[in-house]
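Undergrad: Provide a 3D model corresponding to the input given below.
(one chain, ligands or ions: 1)
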Amino acid sequence: MRATLRDVTLSYDQSTTVLKNFTCTIPSGELVALLGPSGSGKSTILNLLAGLLTPSAGQILFDQTDVTRQDSRHRNIGMVFQDYALYPHLTVHDNIAFPLKMAHVKRAARQQRIAELANLVQLSDQLAKFPRELSGGQQQRVALARALAKHPQLLLLDEPLSSLDTTLREELLTVIHDVQRATGVTTLFVTHNQEDALQIADHIMLLANGRLQQVGTGHDLYVHPQNLTVARFIGRPQLNLWPVATLPARLRASLPANALAQAATLGIRSEAIRLADTPAAAHFTATVTQQRQLGRDTLTHLRTTTDLVSTAISPTNQAALPLSIDLHGCQLFSAIGDCLWTWGGGGRTP
Ligand SMILES: Nc1ncnc2c1ncn2[C@@H]1O[C@H](COP(=O)(O)OP(=O)(O)OP(=O)(O)O)[C@@H](O)[C@H]1O
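TA: Model (predicted):
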């Protein structure tokens, strides 16, 4: 089932419009991540799809059917929230059984469905336990099984990993991915965590400032960002920015002249700032202000006419370094933030 918001406007009160003429599509059978900073409107979109909010203008379509005014209970949606929301006094078995009982599914069919779901989320041996006896990740798997019980046409996951530590997050991400593949249910995964989105989603919808900034694969967003907002949101460490007006002549000379003429900012990925093979080959020289280890990466903070961070320089005692920029990690942006040129090709200027 394909879910579409078409020209949707939503305000919580008269002074703040969270979404204005907002359009997006979740293609049938895909796992789409809705990624964006806090307050960007992710939960609002999820609640519109769930029927918990009604837009003041625009339409919500499930395939060709207009569900804008349809009650939440009739939309056949499964939802998983951040805080598990399981019934504490019911066992895992009875939590999963609950929506089936409410739908008057006969006992034999119910038992068969519970067994299928428990197998799907790898909890077949935990059915007799109560939620308090399970880890957070296991509790979310119960919530996932319960959400899928009635074969929903749309699965909505609202920050389902937020309460979990790193190991359990990884585990649950895999379960969500595998379950979505096995069931083929159209799924919207709301998150503010880019690693989660990059790891799991077929496509990412990046939302910021009430606008859908870009839809694409994680690779698209990293290599072909449409604008500075996307380029700065995706990738860690954050994209380095260098005002074009203060670029050293040697670096300037190696960039595409027509895009450079219209550009205000050069974006440089941290992995593209390297020690030059020889001083003669350097684009510029910079002072090392700090070096620290961050997991596998060495983060080198550099100062020249701007401040930069590199992840491609080995620990060093030298105070000043001759550096070169790999153009495969560069993007040029206009004064209003449009991407004019990127190493991956594309941008607005050929
Ligand atoms: N019930 C409400 N009444 C008034 N304003 C609201 C209400 N719910 C959300 N908002 C506002 O709408 C905007 C979008 O909120 P929303 O919760 O959709 O964002 P979000 O991206 O899901 O944020 P978070 O990641 O923090 O949950 C925010 O400015 C928020 O303050």
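
Undergrad: can you pull the pLDDT of the residue in the stretch 101-250 of the chain that the ligand sits nearest to?
TA: Taking CB to the nearest ligand atom as the measure, the stretch 101-250 of the chain has residue 192 as its residue closest to the ligand, at 5.0 Å. Every C-beta, even on glycine, is put in place using the N, C-alpha and C of the backbone. According to the prediction, residue 192 has pLDDT 91.

Undergrad: so which bits of the protein are right by the ligand?
TA: Counting by CB under 6 Å from any ligand atom, the chain comes close to the ligand at 12, 18, 36, 38, 39, 40, 41, 42, 43, 44, 192.

Undergrad: pick out whichever of those residues sits closest to residue 132.
TA: Sorting the residues of the chain next to the ligand by how near they are to residue 132, with CB to CB, puts residue 43 at the top with 27.0 Å.

Undergrad: check what pLDDT the closest one gets.
TA: On the pLDDT scale, residue 43 is placed at 93.

Undergrad: when you give positions from now on, start the count at 405
TA: Okay, residue one is now 405; in that scheme the one you just asked about reads as residue 447.

Undergrad: so what's the residue count around it?
TA: Per other CB atoms under 10 Å, the neighbour tally for residue 447 reads 19.

Undergrad: that one contacts residue 594, correct?
TA: Yes: at 6.7 Å, residue 447 counts as touching residue 594 under the criterion of CB atoms under 8 Å.

Undergrad: between those two, what contacts are shared?
TA: residue 562 (CB atoms under 8 Å, 6 or more residues apart in numbering).

Undergrad: the stretch 455-604 of the chain: strands as residue ranges?
TA: Under the criterion DSSP state E, counting those that start in this stretch, the stretch 455-604 of the chain carries strands at the ranges 461-466, 469-470, 481-484, 558-562, 590-595.

Undergrad: in CSV: those, plus distance to residue 738.
TA: Below are the strands of the stretch 455-604 of the chain laid out as CSV (distance: least, CB to CB, whole Å):
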stretch, distance to residue 738
strand 461-466, 30
strand 469-470, 39
strand 481-484, 41
strand 558-562, 35
strand 590-595, 29
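
Undergrad: wait, which of those is closest to residue 573?
TA: Put simply, out of those the one that sits nearest residue 573 is strand 590-595, at 10.5 Å, with distance taken as CB to CB.

Undergrad: so which elements touch that closest one?
TA: Packing contacts for strand 590-595, counted by 3 or more CB pairs under 8 Å, 6 or more residues apart in numbering; DSSP states H and E, involve strand 421-430, strand 435-439, helix 446-454, strand 558-562, helix 570-587, helix 598-604.

Undergrad: can I get the second one in CSV, CA atoms only?
TA: Taking Å, rounded to 0.1, in the frame of the first residue of the first chain, the C-alpha atoms of strand 435-439 are listed here in CSV:
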residue,chain,number,x,y,z
LEU,A,435,10.9,0.9,4.6
VAL,A,436,11.2,4.7,4.6
ALA,A,437,13.0,6.6,7.4
LEU,A,438,11.6,10.1,8.2
LEU,A,439,14.7,11.8,9.5
